[in-house]
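# sequence? don't have it. structure:
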């Protein structure tokens, strides 16, 4: 990234959240609504959102946001109150998030795959005052008696039968002319995004206006986003990648967000060609599924300039195929999390082949320290746990002192990832600290085995977990999804034996009937894999 450093916005040190001294972009929007208003002023007639047959300009989007924000205030919702969103990828989600921000409220996007007990926990944990939901998800809304602080439920679409609910249109209908909106500080919370909760209850990460804006500016700089770029929302809008990397990043450059309500490779390719996509950020499996379409090369995708990926390594075969078929595309690995408002490393353009074993280079405002078990920094290239700082790191979890004590130290987020950072700032992530396999005293980093498995020509995707063993402590178990052709476990083991130390070769191999189970943010659910019974 050295050649691009001259293109960086001006940087200075600032104090955030009372006691964090971090590098910040000096010239930045004061909050997300200010960023949106700038786009409206500059590109009023440009299409901001495409959702199925609906094409909404920035001016139209602003009118909808204004009416909903005014309506929320007229209905008595006060700045700082939480408004939960149980919605899929759709225009109404974009309007709601921006309106809630304009009114000084806090949005709480929920995963539409969640079921009633999970939704009940989140609503009660942050004492949400209202819920806006797709009517088709109404069956998973808890009874009002179980969420006593919830004052209102608004439904999008046909009435789903939830008692005492109102249509979403009731909010803008309550709007008053000349509404004065509250002053929103940049350290105020923009939204609460709940972690996946693979261990214990989910925690609500407090994404602030200032953390979100810095992440958006990092994306724009690292990806070289251009004014008016067309971005595809093909990952869930309710998670950090969809909200920050796509929706808000597109607004920052006055671009267009094309909404994909449900990812299907053929439909995605058709829309990408029709709308002349410039920018995407997806999990590697989505790119693989596109390449598997027999007509992939027939689609006009020459405008597809930026292709980000994260959540899993990109197989070398996929990298090579994309480079061959889409020579105008630049691939960027991205590493980050909900707690860091996403990116802390991004692969510089054109360097993925040279640094394919890394997750990219540390971003200008990110600070990554690699420490040993005693909390001491290790030498460049040595492995340890990654501590992550910077203006993108959230101030903490909502009303969760225990989670904050364990998850943050000295302004750094304790990632739980084992990795290394070399002298040039390229980061390697070997495994989750809690998932690292200890096989007879040898450390096995799952990602190293997964990379080898992914290089097999018939493997679409693979994941590795440790399973208990009375003799070895843990054994290596691989879960594999094939492209339709069949291989047996012995062939997989022999393939790995030729490329890995013997203790890293999978002891067990399970072939899956479909893709790996993932949460809505694209991360593989290894706890689900462990529950799959081996034949």
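Perfect, thanks for sending it. Here the structure is a predicted model, which means the values were calculated and not measured.

# Now do residue 515, the pLDDT please.
Residue 515 is assigned 92 on the pLDDT scale.

# from what I can see it touches residue 481, true?
Yes: counting by Cβ atoms under 8 Å, residue 515 sits close enough to residue 481 to count as a contact (5.4 Å). Backbone N, C-alpha and C define where each C-beta goes, glycine included.

# any idea where the helices of the stretch 351-500 of the chain begin and end?
401-407, 446-454, 489-497 (DSSP state H, counting those that start in this stretch).

# can you list the domains in this protein?
In terms of domains, the chain is parsed into 2-421, 435-531 (source: automatic domain parsing).

# got JSON lines for those, with distance to residue 428 too?
Below are the domains of the chain laid out as JSON lines (distance: least, Cβ to Cβ, whole Å):
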{"stretch": "domain 2-421", "distance to residue 428": "5"}
{"stretch": "domain 435-531", "distance to residue 428": "9"}
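
# Ranking those domains by mean neighbour count, which comes first?
Ranked by mean neighbour count, the domains of the chain are led by domain 2-421 with a mean of 19 (mean count of other Cβ atoms under 10 Å).

# Point out where the protein drops to low pLDDT.
Across the chain, the ranges flagged by pLDDT under 70 are 1-6, 159-160, 196-200, 311-313, 434, 440-441, 443, 471, 520-521, 533-535.

# residue closest to the middle of it?
Residue closest to the average C-alpha location in the chain (Cα atoms, centre = their mean): residue 241, at 2.8 Å.

# Touching, that one and residue 342? I think so.
Yes: if you go by Cβ under 8 Å, residue 241 and residue 342 touch, sitting 6.2 Å apart.

# returning to that earlier point: closest one to residue 350 among the helices of the stretch 351-500 of the chain?
The minimum distance between residue 350 and the helices of the stretch 351-500 of the chain falls on helix 446-454, with 21.0 Å, by Cβ to Cβ.

# got the angle for that closest one vs helix 489-497?
120 degrees (axes from the mean of the first three to the mean of the last three Cα atoms, to 10 degrees).

# and helix 446-454, how far out from the chain's middle?
Chain-centre distance of helix 446-454: 22 Å, with Cα atoms, centre = their mean, to the nearest Å.

# counting contacts, what elements does that helix pack onto?
For helix 446-454, the packing partners by 3 or more Cβ pairs under 8 Å, 6 or more residues apart in numbering; DSSP states H and E come out as strand 427-432, strand 459-469, strand 473-482, helix 489-497.

# Out of these, which is closest to residue 522?
Using Cβ to Cβ, the helices and strands packed on helix 446-454 put strand 459-469 closest to residue 522, at 11.5 Å.

# Tell me the strands beside that closest one, with direction?
strand 473-482 (antiparallel) (DSSP bridges).

# Surely residue 132 is within a strand?
Yes: secondary structure of residue 132 (DSSP: H, G, I helix; E, B strand; the rest coil): part of a strand.

# so who does it touch?
Each residue near residue 132 by Cβ atoms under 8 Å, 6 or more residues apart in numbering is listed here: 83-87, 92, 96, 154-156, 168.

# Among the domains of the chain, which comes closest to residue 429?
Of all the domains of the chain, domain 2-421 comes closest under Cβ to Cβ, at 4.1 Å.

# starting at the chain centroid, how far to that closest one?
Put simply, domain 2-421 sits 6 Å off its chain's centre (Cα atoms, centre = their mean).

# Make 38 the first number, not 1, from now on.
Got it, first residue is 38 now, which makes that one domain 39-458.

# quick one, the helix ranked longest in the chain and strand 167-171 angle?
Longest helix in the chain, counting residues (DSSP state H): helix 95-111. Per the same axes, to 10 degrees, the angle that helix 95-111 makes with strand 167-171 is 140 degrees.

# what does helix 95-111 rub up against?
For helix 95-111, contacts defined as Cβ under 8 Å, 6+ apart pick out 73-74, 76-77, 80-83, 85-86, 93, 120, 131-133, 135-137, 139-140, 142, 207-213, 216, 218, 291.

# These in strands, which ones?
Here DSSP state E is the test, and the contacts of helix 95-111 give 85-86, 93, 120 as lying in strands.

# I'd like these as JSON lines, with distance to residue 392 appended.
As requested, these are exported to JSON lines (distance: Cβ to Cβ, whole Å):
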{"residue": "85", "distance to residue 392": "35"}
{"residue": "86", "distance to residue 392": "35"}
{"residue": "93", "distance to residue 392": "39"}
{"residue": "120", "distance to residue 392": "42"}
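
# Show the contacting residues for residue 454.
Contacts of residue 454 by Cβ under 8 Å, 6+ apart are 422-423, 466, 468-470.

# As TSV, the residues you listed with distance to residue 568 would be great.
Formatted as TSV, the contacts of residue 454 follow (distance: Cβ to Cβ, whole Å):
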residue	distance to residue 568
422	27
423	28
466	25
468	20
469	18
470	21
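
# picking that back up, can I get the helices and strands packed on helix 483-491 in CSV with distance to residue 179?
CSV is the format used below for the helices and strands packed on helix 483-491 (distance: least, Cβ to Cβ, whole Å):
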stretch, distance to residue 179
strand 464-469, 31
strand 496-506, 33
strand 510-519, 34
helix 526-534, 44
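
# Sounds good, over and out.
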